[in-house]
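S.K.: okay, here's the prediction I keep looking at, along with the sequence it came from:
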Amino acid sequence: MAGSTLRDVARRAGVSIRTVSNVVNGSVPVSEELRTRVQAALDELDYRPNLVARNLRRGRSGMIALVVPELDVPYFAELAREVITATRAHGYVVMLDQTDGDGERERELLGRESRATMFDGLLLSPLTISAEELRSRTNRVPVVLLGEHIFNGSFHHVAIDNVAAAREATEHLLGLGRRRVAAIGDQPYSTGETAQLRTIGYRQALERAGLTVDEDLIVPTQRFHRHLGAQAMEHLLALPEPPDAVFCYNDLLAIGAMRAAARAGVRVPEDIAVVGVDGIQEGQYSSPSLTTVAPDKAQIARTAVGTLLAVIDGSAPPPTETKAPHQLLVRESTVGTGGAGS
């Protein structure tokens, strides 16, 4: 029934308006029998809470912001979708913005009081801003951090274990009998922490296998973009002794690398196996389909949103570093069509 009120729901369920309010808001525990009865009435009457009025009563906007480096990077686009799904379940709306990895833009977003009044909390995936800059910001909007920028437990932070992810990807290649395993994507500078962690995992896998790390096989890239993966692969294929496998630090680099291999007449995976990180949908439909380490983006979103809402409500525990799960998805780029999975 369009336009149903709390009074209508209370009358249908045979309970007080306060009881209905408690069920809708989750503010006061009620018995399972009452909750079931009220929920049935809510569903029958198709009740929709007036979120604007509720947020005004609470002195809130009902919006949270998600700020990432690049919205046109598929990983961030897919993560944004999961964040929107997670926040919608709590009656919040998501504002999206991007920083282009620019430190000044990150500081501007954190320091503008006028912007702070527009949202109740911020999910931020920073690349350059330091922990000290975050602590000293004038804008006190609640923040939960995403991604692999290192903050040493100073803030609520949700990320995958990049060292473990890179190590597992490299070990997969070594397990296939590959011995000249290259790495594309290292970033040996202050804002390249994600890449540096993945380089550590790559090195660990080689060392555990008793192999010497050939520094010529580690190719840095300024960003994790397709064309840079292609350029890096061209460089590797021009070496006197090219690699027989490549661990790429994200799926876009891997897709670019596979394209460069195809142009050079090098077969994937027969001549060179390729694995990426991120688990983006594009990799599932590339040719060959891409083996990848896939973070659980839905879990990252649910954890980050739940933590941020707890910070907003003042019920969050002290800052914690939460590691989200990931899994290796084996596909054609490493095992061919016969052994590929999803």
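M.R.: In hand now; what should we look at?
S.K.: and Gly153, what pLDDT?
M.R.: Confidence at Gly153, expressed as pLDDT, is 67.
S.K.: walk me through the domains of the protein.
M.R.: Domains of the chain are assigned by automatic domain parsing as 1-41, 63-159+297-325, 162-295+328-335.
S.K.: quick one, phi psi at Leu123?
M.R.: phi -100, psi 120 (degrees, to the nearest 10).
S.K.: which residues does it contact?
M.R.: Neighbouring residues of Leu123 by Cβ atoms under 8 Å, 6 or more residues apart in numbering: Ile64, Ala65, Leu66, Val67, Val83, Val143, Val144, Leu146, Ala304, Val305, Leu308. C-beta here means a position set from N, CA and C on the backbone, and glycine is covered the same way.
S.K.: ok, so what distance separates it from Ala80?
M.R.: Leu123 sits 10 Å away from Ala80, going by Cβ to Cβ, to the nearest Å.
S.K.: same question, Ala131
M.R.: Ala131 sits 25 Å away from Ala80, going by Cβ to Cβ.
S.K.: who has more neighbours, those two?
M.R.: A direct count of neighbours by other Cβ atoms under 10 Å for Ala131 and Ala80 places Ala80 higher, at 18 against 15.
S.K.: quickly list what's touching both of Leu123 and Ala80.
M.R.: Common contacts of Leu123 and Ala80, defined by Cβ under 8 Å, 6+ apart, comprise Leu66.
S.K.: can you give the contact residues for stretch 76-85?
M.R.: 66, 68-71, 94, 96, 98, 123, 125, 146, 280-281, 297-298, 300-302, 304-305.
S.K.: I meant stretch 32-47, not that one.
M.R.: By Cβ under 8 Å, 6+ apart, the residues outside stretch 32-47 that reach it are 1-2, 4-6, 8-10, 12-15, 19-20, 23-24, 30.
S.K.: now, those residues that are in helices?
M.R.: Leu6, Asp8, Val9, Ala10, Arg12, Ala13, Thr19, Val20, Val23, Val24 (DSSP state H).
S.K.: just the buried ones from those?
M.R.: Using 16 or more other Cβ atoms under 10 Å as the burial test, these include Leu6, Asp8, Val9, Ala10, Arg12, Ala13, Thr19, Val20, Val23, Val24 as buried.
S.K.: I'd say the third one and Val20 touch.
M.R.: Which is Val9. Yes. Using Cβ atoms under 8 Å, Val9 is in contact with Val20, at 4.9 Å.
S.K.: rewinding a little: would you reformat the domains of the chain as CSV and include distance to Tyr47?
M.R.: As requested, the domains of the chain are exported to CSV (distance: least, Cβ to Cβ, whole Å):
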stretch, distance to Tyr47
domain 1-41, 5
domain 63-159+297-325, 13
domain 162-295+328-335, 35
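S.K.: out of those, which one sits most buried?
M.R.: Stretch with highest mean neighbour count among the domains of the chain: domain 162-295+328-335 (a mean of 20; mean count of other Cβ atoms under 10 Å).
S.K.: how long is that one end to end?
M.R.: Start to finish, the residues bounding domain 162-295+328-335 are 23 Å apart (Cα to Cα, to the nearest Å).
S.K.: spit out the contact partners of Val94.
M.R.: Residues in contact with Val94, defined by Cβ under 8 Å, 6+ apart, are Met63, Ile64, Ala65, Leu66, Ala80, Val83, Ile84, Thr87.
S.K.: now the two most distant members of those residues.
M.R.: Met63 and Ala80 (14.3 Å; Cβ to Cβ).
S.K.: can you list phi and psi of His295 for me?
M.R.: Not quite, residue 295 is Pro, not His. phi -70, psi 150.
S.K.: what ranges do the helices span in the stretch 101-250 of the chain?
M.R.: 103-111, 113-116, 131-135, 162-175, 193-208, 226-237 (DSSP state H, counting those that start in this stretch).
S.K.: and those helices: which comes nearest Thr291?
M.R.: Among these, helix 162-175 sits nearest to Thr291 (Cβ to Cβ), with 7.1 Å.
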